[in-house]
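J.: Next one to model:
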Amino acid sequence: MTLATAAARRDGSVIGLVGLGHFLSHFYIFLLPPLFPVLKESFGVSYVELGLLMTVFNVVSGITQAPMGFAVDRWGAGRLLIAGVVLEAVAYLGMGVSGSYTAMLVLMAAAGLANSIFHPADYAILSAAVRQDRIGRAFSLHTFAGFLGNAITPAAVVLVAGLFGWQAALIGAGVIGLGSAVLMLLNRGLLEVAADPAPRRPGQKPGGGSMALLFSFPILMCFCFYIALSMSQSGLSSFGPTAFVQMYGVGLEAAGLLFTVFATGNAVGILAGGWIADRTSRHERVAVAGFVATAAIMLLIAFVPMQITVLAPLLALAGLLFGLILPSRDMLVRAAAPPDAVGRVFGFVSTGLNIGSAITPIAIGWVMDQGRPEWLFLVAAAFMMVSIVTVIAARSGGSVTPPSARPI
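T.: From the prediction side, this is the model:
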């Protein structure tokens, strides 16, 4: 085996383990929303109260994610990543065992704490352990693994809940997470990154411990970008299946499949986006084009009545276009982050995802309670337009092009 082949295999193993963690992160995020109609009846609560579950998760995750980024840079990403998988698995297993709305609120806080580990740990491991000319594709595969969780979970959890009950579905999900943690523990050597950071890219300064880095203009714009991106997406992920039920009169299973079509399109687009991200230095152009096209489709869904046979391919196309954006999103943040501060920078900007996801579910829950599901798609389109402004500002604010990028 040549050195190049051995390095490629090691990169693949690292990406696979980190991708497994990211898959589980999204798998757990998407477990509850497809069950909202069932939980509403079981607990006798409103959609606003169900939205509160997701808000608790995202508030806790948002508060703890930036500190977790510092912890990753200080104590090591690998051990914290494994701990996060264990904690989240135990939280969802506990939800299934308890069968109580109050217990679910408390355990969603624990799940939010666990979720705060994934982004800073994942990106720190990938940035340090994967060859620089493959980093765009590594980010792409990482994001793909997460959106694979998005795609699989809605239909799978509804199927299992239909056969065995929603509590059994959550208990089974917890067991899957614990098994995955064992696999990661057995291969923990691949998740340990060198103490010395990767070579500094031209024009970058060391991250040091200063908070000033996190409040520099390009990183603040990346932070705002993540908020707007999350607000465009979290309403769809939390209430998309429910909106399809209300707008088209389909069953919960069919609505879950429609959302799976969108999420599958996301996953395919992410893979293509990684290939593009390694071959261009103009990541903001990829993001702008993707946002404009996806927002146009969201407006069509909001305002134009259509058959399911038309809606399904439109959702697939919207998912594909949205997916193209995400590797370029990560490359923009990485370009602004000194190599010795990747964990804290990704931890900080990823807090924007939690802020958006904390605000949006309750607001969209109120919209759903008013019987206006089409507003969900209007809100998504509006925040995609806001995202365009922030991503252009982030690029113009002085982000640094990684040396592996080359024009297409």
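
J.: for the least confident helix or strand in the chain by mean pLDDT, which positions count as buried?
T.: Least confident helix or strand, the chain: helix 342-369 with a mean of 80, by mean pLDDT, DSSP states H and E. Taking 16 or more other Cβ atoms under 10 Å as the neighbour-count basis, helix 342-369 is seen to contain the buried residues 342-365, 367-368. No exception for glycine: its C-beta is placed from N, CA and C like everyone else's.

J.: Next: stretch 370-377.
T.: Within stretch 370-377, the residues scored as buried using 16+ other Cβ under 10 Å are Pro373, Glu374, Trp375, Leu376, Phe377.

J.: what packs against the least confident helix or strand of the chain?
T.: Contact partners of helix 342-369 among helices and strands, from 3 or more Cβ pairs under 8 Å, 6 or more residues apart in numbering; DSSP states H and E: helix 47-75, helix 101-129, helix 217-248, helix 308-336, helix 375-396.

J.: now that helix against helix 217-248, angle please.
T.: On the basis of axes from the mean of the first three to the mean of the last three Cα atoms, to 10 degrees, helix 342-369 is oriented at 30 degrees to helix 217-248.

J.: could you give the angle of helix 342-369 to helix 47-75?
T.: Here helix 342-369 runs at an angle of 180 degrees relative to helix 47-75 (the same axes, to 10 degrees).

J.: centre of the chain versus helix 342-369, how much separation?
T.: The chain centre lies 10 Å from the centre of helix 342-369; the measure is Cα atoms, centre = their mean, to the nearest Å.

J.: now it against helix 375-396, angle please.
T.: 160 degrees.

J.: Correct me if wrong: Ala381 contacts Leu299.
T.: Yes: contact criterion Cβ atoms under 8 Å: Ala381 and Leu299 qualify, at 5.1 Å.

J.: which one of the two has more residues nearby?
T.: Ala381 (19 against 16; other Cβ atoms under 10 Å).

J.: Nearest to Leu320, out of the buried residues of stretch 370-377: which one, please.
T.: Nearest to Leu320 among the buried residues of stretch 370-377 is Phe377, at 16.8 Å by Cβ to Cβ.

J.: Spatially nearest residue to that closest one (excluding sequence neighbours)?
T.: Ranked by Cβ to Cβ, 6 or more residues apart in numbering and with sequence neighbours excluded, the top spatial neighbour of Phe377 is Ala302, at 3.9 Å.

J.: Show the pLDDT at that neighbour.
T.: Looking at Ala302, its pLDDT reads 89.

J.: What is the burial count for it?
T.: If you count neighbours by other Cβ under 10 Å, Ala302 ends up with 18.

J.: and it, what element?
T.: helix 283-303 (DSSP states H and E).

J.: Give me the residues contacting that helix.
T.: 273, 276-277, 280, 306, 311, 314-315, 317-318, 321-322, 324-325, 328-329, 331-332, 335, 374-378, 380-381, 384-385, 387-388, 391-392, 394-395 (Cβ atoms under 8 Å, 6 or more residues apart in numbering).

J.: Narrow the residues you listed to those that are buried.
T.: By 16+ other Cβ under 10 Å, these give 273, 276-277, 280, 311, 314-315, 317-318, 321-322, 324-325, 328-329, 331-332, 335, 374-378, 380-381, 384, 387-388, 391-392, 394-395 as buried.

J.: Need phi/psi at Val250.
T.: phi -90, psi 170 (degrees, to the nearest 10).

J.: show me what contacts the closest residue to it other than its chain neighbours?
T.: Leaving out its chain neighbours, the residue that sits closest to Val250 by Cβ to Cβ, 6+ apart is Phe244, at 6.0 Å. Under the criterion of Cβ under 8 Å, 6+ apart, the neighbours of Phe244 are Val250, Ala254, Ala255, Leu258, Phe259.

J.: most surrounded residue in the residues you listed?
T.: Phe259 (27 neighbours).

J.: Could you tell me how far that residue is located from Val367?
T.: According to Cβ to Cβ, to the nearest Å, Phe259 and Val367 sit 17 Å apart.

J.: if I look at Gly347, how far off is Ile63?
T.: Counting by Cβ to Cβ, the gap from Gly347 to Ile63 is 12 Å.

J.: what touches both of the two?
T.: With Cβ under 8 Å, 6+ apart, Gly347 and Ile63 have no common neighbours.

J.: Kindly export stretch 225-239 (C-alpha atoms) in PDB.
T.: Extracted in PDB, the C-alpha atoms of stretch 225-239 (Å, rounded to 0.1, in the frame of the first residue of the first chain):
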ATOM      1  CA  PHE A 225     -25.700  34.000   8.100                       C
ATOM      2  CA  TYR A 226     -26.200  30.900  10.200                       C
ATOM      3  CA  ILE A 227     -29.200  32.600  12.000                       C
ATOM      4  CA  ALA A 228     -30.900  33.500   8.800                       C
ATOM      5  CA  LEU A 229     -30.100  30.100   7.300                       C
ATOM      6  CA  SER A 230     -31.600  28.300  10.300                       C
ATOM      7  CA  MET A 231     -34.700  30.400  10.300                       C
ATOM      8  CA  SER A 232     -35.300  29.500   6.600                       C
ATOM      9  CA  GLN A 233     -34.900  25.800   7.400                       C
ATOM     10  CA  SER A 234     -36.000  25.100  10.900                       C
ATOM     11  CA  GLY A 235     -39.700  25.900  10.300                       C
ATOM     12  CA  LEU A 236     -39.700  23.400   7.300                       C
ATOM     13  CA  SER A 237     -38.000  20.700   9.400                       C
ATOM     14  CA  SER A 238     -40.300  21.100  12.400                       C
ATOM     15  CA  PHE A 239     -43.600  21.600  10.700                       C
END
